[in-house]
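> coords below, sequence missing:
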């Protein structure tokens, strides 16, 4: 079920699943390293990529950080 849904999301976004997975793993790793602090995560990603992130990328990281923390808190209940 999850694989099917993930495939559909990737098809609709016209992005190969491997690229989406890579993004989630990389950003997720920086979120963990920063103890889920948004601004520090952005700084770490920018340093790693050696570019300044635009508003769309910052929004994506903000959404991912919110979702990951929200999901993590549910799992600890």
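Great, that's in hand. Given the structure is predicted, the values throughout are model-derived calculations rather than measurements.
> Which pLDDT value goes with residue 39?
Per-residue confidence (pLDDT) for residue 39: 93.
> ugh, typo on my part, it should be residue 53
If you check residue 53, the pLDDT there is 92.
> any idea how far residue 19 is from residue 34?
Noted for residue 19: a distance of 23 Å to residue 34, by Cβ to Cβ, to the nearest Å. Glycine gets a C-beta too; all of them are placed from N, C-alpha and C.
> which one of the two has more residues nearby?
residue 34 (17 against 11; other Cβ atoms under 10 Å).
> Please report how far the closest residue to that one other than its chain neighbours lies from residue 54.
Spatially, and ignoring its direct neighbours in sequence, residue 34 is nearest to residue 40 (3.8 Å; Cβ to Cβ, 6 or more residues apart in numbering). As judged by Cβ to Cβ, residue 40 and residue 54 stand 18 Å apart.
> And the two? Which one has more around it.
Remark: of residue 40 and residue 54, residue 40 carries more neighbours, 14 against 8, as counted by other Cβ under 10 Å.
> so that one, which of the three states?
Look at residue 40: counting by DSSP: H, G, I helix; E, B strand; the rest coil, its state is helix.
> That one and residue 32 touch, don't they?
No - using Cβ atoms under 8 Å, residue 40 makes no contact with residue 32, being 11.2 Å away.
> what about residue 31, how many neighbours?
By the measure other Cβ under 10 Å, the count of residues near residue 31 is 23.
> And the one 5 residues further on, by the same measure?
By the criterion of other Cβ under 10 Å, residue 36 has 14 neighbours.
> Sketch out the helices for this structure, chain order is fine.
Applying DSSP state H to the chain gives helices spanning 2-13, 17-33, 38-49, 55-75.
> Report the separation between the residue nearest to residue 34 and residue 24.
18 Å.
> Now do the same contact list for the residue nearest to residue 44 when sequence neighbours are not counted.
Closest residue in space to residue 44, ignoring its immediate chain neighbours: residue 30 at 4.5 Å, by Cβ to Cβ, 6+ apart. By Cβ atoms under 8 Å, 6 or more residues apart in numbering, the contact set of residue 30 is 41, 44, 45, 48.
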